[in-house]
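> Structure for the following, please:
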Amino acid sequence: MTVTYVIDGSRITGLDSFWDVVGEAVNGPGGRFGRNLDAFADCLGGGFGTPEDGDFVIEWHDHARSARALGHEETARRLEARLPRVHHSNRARVEEELAEARAGRGPTLFDVLVEIITERTGPGTLRLM
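Predicted structure coming up:
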């Protein structure tokens, strides 16, 4: 039986609230489902609230509002916070990504989250509504 998880995009105001909303959608009130991009990708593989067999659907309601909240401004804010901790070998790349985000170009956090979901789950798992 397919399980459906509903992400209430109207509650997403940035990446921190995304973690809260998706955690509750999958694991109930106060639930967790990753608190960074790598952990989120791992959780999508099953066993952290989703069925091991991968038979689930994610309905992302009001995704356009989420896309704005997780847009270039939030992306730049996250990159700025990450920059002091970046290994020197990755610094130039992150600085370039930051410059692009500040200019309103390049992938946003929303784009990255959608990519993670589509790459880590089966076709048709993500439904943007």
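> mind checking which helix or strand the most centrally placed residue in the chain is in?
A centroid search over the chain (C-alpha atoms, centre = their mean) returns residue 113, at 3.4 Å, as the residue closest to the centre. Following DSSP states H and E, one finds residue 113 within helix 109-120.
> And the helices in this protein?
15-27, 37-43, 63-69, 72-82, 91-102, 109-120 (DSSP state H).
> Who are the contact partners of the closest residue to residue 77 other than its chain neighbours?
Excluding its sequence neighbours, the residue lying closest to residue 77 (C-beta to C-beta, 6 or more residues apart in numbering) is residue 14, at 7.8 Å. Glycine gets a C-beta too; all of them are placed from N, C-alpha and C. Neighbour list for residue 14: 69-70, 74, 77 [criterion: C-beta atoms under 8 Å, 6 or more residues apart in numbering].
> right, and residue 41 touches residue 120 too?
Yes - shown here, residue 41 and residue 120 form a contact pair, counting by C-beta atoms under 8 Å, at 5.3 Å.
> Need phi/psi at the closest residue to residue 22 other than its chain neighbours.
Spatial nearest neighbour of residue 22, excluding adjacent residues (C-beta to C-beta, 6+ apart): residue 33 at 5.1 Å. Main-chain torsions, residue 33, degrees, to the nearest 10: phi -150, psi 60.
> Report the separation between residue 33 and residue 2.
Between residue 33 and residue 2 the distance is 18 Å, computed by C-beta to C-beta, to the nearest Å.
> Looking at the two, which one has more neighbours?
Neighbour tally, residue 33 and residue 2, criterion other C-beta atoms under 10 Å: the higher count belongs to residue 33, 21 against 8.
> circling back to that earlier point, which secondary structure elements does the helix holding residue 113 contact?
Applying 3 or more C-beta pairs under 8 Å, 6 or more residues apart in numbering; DSSP states H and E, one finds that helix 109-120 contacts helix 15-27, helix 37-43, helix 63-69, helix 72-82, strand 126-128.
> So what touches the shortest one?
Residues external to strand 126-128 that are found in contact with it (C-beta under 8 Å, 6+ apart): 57-60, 63, 114, 117-118.
> can you redo the residues you listed as TSV with neighbour count?
Shown next, in TSV, are the contacts of strand 126-128 (neighbours: other C-beta atoms under 10 Å):
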residue	neighbour count
57	15
58	20
59	16
60	25
63	19
114	19
117	19
118	14
